[in-house]
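Peer 1: Need coordinates for the below:
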Amino acid sequence: MKQEARFPRKVFAATLAAALLAGVVATAVVGLALGVLVALLIGSAAPLMPRLIGVDWHGFWSWWRLQTQPLGKGTALASINAAWPALRRLLRPDYVWVTYPGTDQHKRAYMPPWVERLLRPVFPTGFMRFGRYWGMIVSSLASADVLESSPVDLRALFDEVERQFPGVPVALAGRLPSLAASTGVGLPSPFTHGDRGTLCAMTGAAREASSLLGREPTKVNIAVVGSKGFIGSRLVSSLSNEFGTVIALDSRYDEACQGEHGVFFTNSPEDLGEADVIFVLTPRGTDVESLVPHIAPGAIVADDTHPEMPEYLRVRIEERGATVLKATLADERFRCVPPIPDFRADDIPGCILEVLVILQRGTEVLESQEAFNRAAQELGFGARLAPHRNRAKRSPDRLPPREA
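Peer 2: Numbering: from 1, shown residues only. This next block holds a predicted model:
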């Protein structure tokens, strides 16, 4: 038999050595070239080094995060906004909720600044589900302060919502109903005022507060901060039928006076010291900063402000021995996607509660507050006083300097 030819060892060794040598030479050449290139780049950049060192890199990265977070939500919002004229014709929501940006921080919870520049004056931001009912959330680019200063813009906002969703019940967030009343714009059907739902929620929260204190409502002194407002004045009247003394505090009162049914009207913050429960209904949570020194230890402060009380104010109130809780309605049947800033996914604002009750029981429930409260209770809605959702880690550097 013939033996198979074998590859000569010497040839194999020579080939391997040549390959290794070629690899070493190639690596050396490439490395030398890269080294020269890096040296040239460093040499050319040397005059720029002082400027690069002086750049505010922290500010740059803050700007970069602002432009890219939340990038996913912002991109989705921009895409939906671009397709909205065609998409709107396909959607038939059972109800609509009109919101507005409270602060720039709230805007940034939905979109980077570059997305904001692409949006229409009224644009969709999410949807809601309650059983078989589903609703759309739309927002105005204009803040409440802008709308308050321009009734024309406020009227244009309402007209645009009605044009996009004809005949659909519309809930208005926060200050929009009071702005409509104060500017004379008016709220024809299908817009709802939201006062029935909000009063129902706040009255339920007041009962919850008295339960936490372990007292009967008639033994509880309750204060309403912002009592001359659209909701505040109605809440004072509602609470006076069930609770002890009601302290109606508002800087717009000319002087203190005693009203009917145990209501005490005052413009003096010192009178808060007599309150066991304090409902805050001011336009902004920061409006109560000057009232903090007058809150009594052991009191329960129910926050219903939008934007809500910031963390540093809640810390100061709790340092006085009081308890700060957010007043909302809670219902596991309700979901909001994405969640409302500063709210839990199952929190129901009072204005939305009003629409949900109307959808199930008709507009007859608006004949009186008692009829509405009874219908809401029969439908299983319940108030909740709970800690604020965004309870950040407390540290001295998060708190502003104390006043002397």
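Peer 1: Remind me which helix or strand the residue positioned nearest the centre of the chain belongs to.
Peer 2: The residue at the geometric middle of the chain, judged as the C-alpha nearest the mean C-alpha position with Cα atoms, centre = their mean, is P341 (2.4 Å). Under DSSP states H and E, no helix or strand contains P341.
Peer 1: for it, phi and psi?
Peer 2: Dihedral angles phi and psi of P341 (degrees, to the nearest 10) take the values phi -50, psi 130.
Peer 1: How many residues are close by the closest residue to M202 other than its chain neighbours?
Peer 2: Leaving aside its chain neighbours, M202 sits nearest to L235 (5.4 Å; criterion: Cβ to Cβ, 6 or more residues apart in numbering). (C-beta placed from N, C-alpha, C; glycine too.) By the criterion of other Cβ atoms under 10 Å, L235 has 25 neighbours.
Peer 1: In contact with L235, which residues?
Peer 2: Listed by Cβ atoms under 8 Å, 6 or more residues apart in numbering, the contact partners of L235 are 198-199, 202-203, 224, 227, 279, 281.
Peer 1: packing partners for the helix or strand harbouring W97?
Peer 2: W97 belongs to strand 95-99 when elements are defined using DSSP H and E. Applying 3 or more Cβ pairs under 8 Å, 6 or more residues apart in numbering; DSSP states H and E, we find strand 95-99 packed against strand 122-130, strand 133-140, helix 151-164, strand 170-172, helix 350-361.
Peer 1: one step back: taking the contacts of L235 one by one, which sit in helices?
Peer 2: If you go by DSSP state H, the contacts of L235 have 198-199, 202-203 in helices.
Peer 1: As JSON lines, these with pLDDT, distance to P190 and neighbour count would be great.
Peer 2: Supplementary listing: the ones in helices among the contacts of L235 in JSON lines, determined by pLDDT from 0 to 100; distance: Cβ to Cβ, whole Å; neighbours: other Cβ atoms under 10 Å:
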{"residue": "T198", "pLDDT": "90", "distance to P190": "18", "neighbour count": "25"}
{"residue": "L199", "pLDDT": "91", "distance to P190": "20", "neighbour count": "21"}
{"residue": "M202", "pLDDT": "91", "distance to P190": "24", "neighbour count": "25"}
{"residue": "T203", "pLDDT": "92", "distance to P190": "25", "neighbour count": "20"}
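Peer 1: if we take those, which one ends up nearest to L291?
Peer 2: Distances from the ones in helices among the contacts of L235 to L291 were compared by Cβ to Cβ; the smallest belongs to M202, at 18.3 Å.
Peer 1: Would you mind confirming that that closest one is in contact with V280?
Peer 2: No: M202 lies out of contact with V280 (Cβ atoms under 8 Å); the separation is 10.8 Å.
Peer 1: list the residues that contact both of these two?
Peer 2: By the contact definition Cβ under 8 Å, 6+ apart, M202 and V280 are jointly contacted by 302, 304.
Peer 1: Going along the chain, name the helices of this protein.
Peer 2: 9-45, 49-53, 57-68, 71-88, 104-108, 113-116, 144-149, 151-164, 176-183, 195-213, 230-240, 311-319, 350-361, 369-378.
Peer 1: pull the CA atoms of the last one into PDB?
Peer 2: The one in question is helix 369-378. Once side chains and other backbone atoms are set aside, the C-alpha atoms of helix 369-378 remain, and they are given as PDB (Å, rounded to 0.1, in the frame of the first residue of the first chain):
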ATOM      1  CA  GLN A 369     -75.200  67.200  46.500                       C
ATOM      2  CA  GLU A 370     -77.000  64.700  48.700                       C
ATOM      3  CA  ALA A 371     -78.300  62.900  45.600                       C
ATOM      4  CA  PHE A 372     -74.900  62.800  44.100                       C
ATOM      5  CA  ASN A 373     -73.200  61.500  47.300                       C
ATOM      6  CA  ARG A 374     -75.800  58.800  47.700                       C
ATOM      7  CA  ALA A 375     -75.400  57.600  44.100                       C
ATOM      8  CA  ALA A 376     -71.500  57.600  44.400                       C
ATOM      9  CA  GLN A 377     -71.800  55.600  47.600                       C
ATOM     10  CA  GLU A 378     -74.200  53.100  46.000                       C
END
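Peer 1: and the direction of that helix versus that of helix 230-240, what angle?
Peer 2: Angle of helix 369-378 versus helix 230-240, following axes from the mean of the first three to the mean of the last three Cα atoms, to 10 degrees, is 80 degrees.
Peer 1: List of residues touching helix 369-378?
Peer 2: For helix 369-378, using Cβ under 8 Å, 6+ apart, the contacting residues are 196-197, 199-200, 203, 234, 238, 353-354, 357, 360-361, 364-366.
Peer 1: What residues of that helix count as buried?
Peer 2: Across helix 369-378, burial judged by 16 or more other Cβ atoms under 10 Å covers 369, 372-373, 375-376.
Peer 1: re earlier: in TSV: the contacts of L235, plus distance to A142.
Peer 2: Putting these into TSV (distance: Cβ to Cβ, whole Å) gives the following:
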residue	distance to A142
T198	22
L199	27
M202	27
T203	32
V224	28
S227	27
F279	28
L281	22
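Peer 1: got the domain boundaries for this protein?
Peer 2: When the chain is parsed into structural domains using automatic domain parsing, the resulting residue ranges are 68-191, 196-329+382-398.
Peer 1: quick one, which of those domains is packed in tightest?
Peer 2: Compared across the domains of the chain, domain 196-329+382-398 shows the largest average neighbour count, a mean of 19 (mean count of other Cβ atoms under 10 Å).
Peer 1: can you give me the offset of stretch 371-387 from its chain's centre?
Peer 2: Averaging C-alpha coordinates over stretch 371-387 and over its chain gives two centres that are 22 Å apart (Cα atoms, centre = their mean, to the nearest Å).
Peer 1: Select from the domains of the chain the stretch with the lowest mean pLDDT.
Peer 2: Ranked by mean pLDDT, the domains of the chain end with domain 68-191 in last place, scoring a mean of 84.
Peer 1: correct me, but R207 touches A383?
Peer 2: Yes: at 7.3 Å, R207 and A383 qualify as touching, with contact defined as Cβ under 8 Å.
Peer 1: contacts for stretch 185-194?
Peer 2: Under the contact criterion Cβ under 8 Å, 6+ apart, stretch 185-194 has outside partners 151, 154-155, 158, 162, 167-172, 177, 179-181, 350-351, 354-355, 358.
Peer 1: who's in contact with the residue nearest to M136 when sequence neighbours are not counted?
Peer 2: Leaving aside its chain neighbours, M136 sits nearest to P93 (4.3 Å; criterion: Cβ to Cβ, 6+ apart). Taking Cβ under 8 Å, 6+ apart, we find P93 in contact with 127, 134-136, 165, 168.
Peer 1: Many thanks, have a good one.
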